[in-house]
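> sequence and computational prediction follow.
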Amino acid sequence: MVLKLYSASLPGSGQGIVALVLAEKQIPFEHVLVNLDAKEHKTPEYLAKHPFGQVPVIDDDGFILYESRAICRYLAEKYADQGTPLLPKGLKERALVEQAASVEFANFFPAVTKIVRESLAKTRRGLPIDQAAVDEGLTELSAKLDVYEVILGKQKYLAGDEFTVADVFHYAFAPFLADGGMDIMTSKERPNVLRWWNELISRPAWVKLKAEGIKGTVS
Ligand SMILES: N[C@@H](CCC(=O)N[C@@H](CS)C(=O)NCC(=O)O)C(=O)O
């Protein structure tokens with residue numbers, strides 16, 4: 001049975017990183033559109049798949065998995081020999097991926113989320129932006145990116161010289177900062193972050209996903 005991805009259609013948030021891994025790994029999948037406005041993610045049927053009532057969820061031949069980063073790791077592992085290698089096999093190389101993934105979740109993601117929640121998400125809902133909160137998030141993210149600048153001065157990607165799931169996790173919200181006129185990811189003050197980020201957002205799989213939204217390869 002073909003893998004099913006339950007998600008909204010825009011590649012923002014966790015559904016975007018799962019869709020990116022599916023594309024990078026060339027995994028055929030059916031997209032089951034979940035209409036969040038219609039609260040389809042809060043129906044008893046959906047809550048049986050995801051007790052917190054969120055997207056994304058995958059159904060891999062009856063195996064149900066939620067939490068986008070867990071899904072990405074699962075797919076990268078299951079399809080290790082297909083498409084872009086996203087998880088190194090060596091013990092130490094794998095530990096470095098987990099280190100970078102923890103940095104993303106503990107340091108990068110909270111700052112980016114604060115900015116996105118206070119700016120783009122509010123604009124989308126027609127609510128006034130709290131600029132002080134946005135600025136606070138930008139200051140927080142700047143400090144994290146100063147450290148990224150040091151790390152990326154020594155290696156191509158966050159876990160070493162290969163693109164891995166740890167880099168993938170950064171696509172959840174950060175690519176949308178530029179859409180809101182915030183060029184923090186491509187500031188010339190951090191040439192190594194700039195090089196890394198430009199490379200990430202130019203990956204063909206991401207360019208296609210951002211332009212076309214999430215579309216299954218089979219229906
Ligand atoms: N940690 C979860 C977060 C999932 C999440 O926040 N999903 C949002 C997508 S915009 C959602 O479903 N929001 C609706 C809700 O929480 O009711 C993951 O990475 O999968």
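Structure's in. What do you need?
> center of the protein, which residue is that?
The centre of the chain sits closest to Ala172, judged by C-alpha atoms, centre = their mean, with a distance of 2.8 Å.
> so who does that one touch?
With contacts defined as C-beta atoms under 8 Å, 6 or more residues apart in numbering, Ala172 is in contact with Gly12, Ser13, Gly14, Gly16, Ile17, Ser68, Phe109, Val112. From N, CA and C alone the C-beta is placed, and that goes for glycine too.
> tell me, how many neighbours does the last one end up with?
With neighbours defined by other C-beta atoms under 10 Å, the count for Val112 comes to 25.
> I'd say it and Pro175 touch.
No - because the distance of 10.0 Å does not satisfy C-beta atoms under 8 Å, Val112 is recorded as not touching Pro175.
> look up phi and psi at the closest residue to Asn107 other than its chain neighbours.
Using C-beta to C-beta, 6 or more residues apart in numbering and skipping residues adjacent in sequence, the residue nearest Asn107 is Lys144, 4.8 Å away. Here is the backbone geometry of Lys144 (degrees, to the nearest 10): phi -70, psi -40.
> swap in Gly160?
Dihedral angles phi and psi of Gly160 (degrees, to the nearest 10) take the values phi 140, psi -150.
> identify the bridge partners of it.
When bridges are assigned using DSSP bridges, the partners listed for Gly160 are Tyr157.
> check which residues of the strand or helix carrying Ala95 are buried.
When secondary structure is defined using DSSP states H and E, the element that contains Ala95 is helix 91-103. Residues of helix 91-103 classed as buried: Leu96, Val97, Ala100, Ala101, Val103 (neighbour count, 16 or more other C-beta atoms under 10 Å).
> stretch 54-71 too?
Of the residues in stretch 54-71, those buried under the neighbour-count criterion (16+ other C-beta under 10 Å) are 54-60, 65-69, 71.
> equivalent analysis for stretch 149-169, please.
Using 16+ other C-beta under 10 Å as the burial criterion, the residues of stretch 149-169 that qualify are 149, 151-152, 157-160, 162-169.
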